[in-house]
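Colleague: pasting a predicted model and its sequence here:
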Amino acid sequence: MTDFFRGKEIPTNKETTIGNVGWRSPSNIALIKYWGKHGRQLPRNPSLSFSLSNAFTETIVNYESRAYSNDKASLEFYFEGKPNEAFKLRIQTFLDSLLEFFPFLRQTDLVIESTNSFPHSTGIASSASSMSALALCLCSIEEKLTGEMTKEQFNIKASYISRLGSGSACRSVFGGYCIWGNTKLNSKYTDEYAQGVDLIHPVFANIHDDVLIVSANEKSVSSTAGHQLMDNNPFANTRYKQANQKLIDLTSSLAEGDIDSFGKIVEEEALTLHALMMCSDPSYILMEPGTLEVISKIRNFRTGTGTPIYFTLDAGPNVHVLYPQTAKQEAQRFIREELLMHCERGRQIQDKIGTGPQKITQFSHVES
Ligand code: PMV
């Protein structure tokens, strides 16, 4: 760890400080998948994603600094308005692991309140939105207690800390498309935090992602266990090499507006992720019959009509349907008429690319 990430101490002349900070942070969907990790949440290959707009976590942290110091963080945690012990434990462990990055945690009491705009087990990563929202709040508190950072420094630290909470969360700190991980594409990209992709053709600027809920059952393998399976996967090294090349190819498609090659790469990536799980030991089949029906209909519709509509998958059965703004009408009609019949209770969550996290002072989303 470089000194940059090591947190500053609260100045000794600072009196007790009470305040609150809040962030809304989105989930993201990976187009080039991160699957396999080492060390402290470092990726085995670079990944590329875009941030969503409607799927987000809002977190508000009330903080009060005190004169004496503890060797643990002190917190209360409320999820959707109620105390939640399971989440609190996870956050306690995470915060306790961050004392070197945020020394203020030793002498600050926190009351953390969090809420999600989307339900669990729907194929949208709540760990990405929740960990990035929390990391952004911690960086804001550090800034208030110890002095300002530049916007770039702030985002880099927030992305680095998000990564320690959940790898893919580091990509949620930015709007639009971003890359996390060392790549030959450009030496500015690093395994430590994510950064935006600058050159995006207008065709991809307003891309949609409608998540079709084929099944809302709990995942049969956690992503932590899934990453570990890569350690003994016989195809692991070939996969890491392939992901590196695909990321470079996808970046060209994004810059040039080449939607055919974009779709080809994105679909191959989704199926490769699932193929890796199928050939792991133990093996997992995370797709459901409905997943395959949806995939096959998307491909047939695309070939038959020329509509640019594609799919990607996360580590589960639900299908992320991707299409540009120009194809919105045909794509949404096709989804309604042909695909929702394969979804649990006809459910989908309509989303699209978003502009990244926003500071908040109160919750916008009230659970019914
Ligand atoms: O961030 P994690 O540990 O939940 O892993 C995410 C893995 C995938 O969602 C399957 C791919 C990705 O890059 O987001």
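Modeller: Good, I have the coordinates.
Colleague: now do the contacts for residue 40.
Modeller: residue 164 (Cβ atoms under 8 Å, 6 or more residues apart in numbering). Every residue, glycine included, has its C-beta placed from N, CA and C.
Colleague: neighbours of residue 43, how many?
Modeller: Counted by other Cβ atoms under 10 Å, the residues lying close to residue 43 total 23.
Colleague: apologies, that question was intended for residue 358.
Modeller: 16.
Colleague: now whatever helix or strand residue 63 lives in: buried residues?
Modeller: In this assignment (DSSP states H and E), residue 63 forms part of strand 47-65. Neighbour-count burial for strand 47-65, with 16 or more other Cβ atoms under 10 Å as criterion, is recorded at 47-63, 65.
Colleague: burial measure for the nearest residue in space to residue 33 that is not next to it in sequence, as a count.
Modeller: Leaving aside its sequence neighbours, residue 33 sits nearest to residue 273 (Cβ to Cβ, 6 or more residues apart in numbering; 4.7 Å). Other residues near residue 273 come to 22 when the count uses other Cβ under 10 Å.
Colleague: go ahead and report the secondary structure state at residue 273.
Modeller: helix (DSSP: H, G, I helix; E, B strand; the rest coil).
Colleague: ok, the very next helix or strand once past the strand holding residue 63: who's next to it in the sheet?
Modeller: Per DSSP H and E, the first helix or strand lying C-terminal to strand 47-65 is strand 74-79. According to DSSP bridges, strand 74-79 forms sheet pairs with strand 82-83 (antiparallel), strand 108-116 (parallel).
Colleague: what comes into contact with strand 74-79?
Modeller: Outside strand 74-79, the residues that reach it (Cβ under 8 Å, 6+ apart) are 83-84, 87-88, 91-92, 95, 108-115.
Colleague: just the buried subset of the residues you listed, please.
Modeller: 88, 91, 95, 108-110, 112-115.
Colleague: within range of the ligand, give me the residues from the stretch 101-250 of the chain.
Modeller: Within reach of the ligand by Cβ under 6 Å from any ligand atom, the stretch 101-250 of the chain has these residues: 125, 127, 166-168, 223.
Colleague: give me the residue from the stretch 251-368 of the chain nearest the ligand.
Modeller: Nearest to the ligand in the stretch 251-368 of the chain, going by Cβ to the nearest ligand atom, is residue 315, at a distance of 4.2 Å.
Colleague: pLDDT at that residue, what is it?
Modeller: We have a pLDDT of 93 for residue 315.
Colleague: since we're on it, how many residues are nearby?
Modeller: For residue 315, using other Cβ under 10 Å, the count is 21.
Colleague: quick one: contacts for it?
Modeller: 35, 219, 221, 223, 226, 273, 277, 286 are the contacts of residue 315 under Cβ under 8 Å, 6+ apart.
Colleague: do the same with residue 70
Modeller: Contacts of residue 70 (Cβ under 8 Å, 6+ apart): 106-107.
Colleague: got the phi and psi for it?
Modeller: phi -110, psi 170 (degrees, to the nearest 10).
Colleague: near the ligand, from the buried residues of strand 47-65?
Modeller: Filtering those for proximity to the ligand by Cβ under 6 Å from any ligand atom leaves residue 47.
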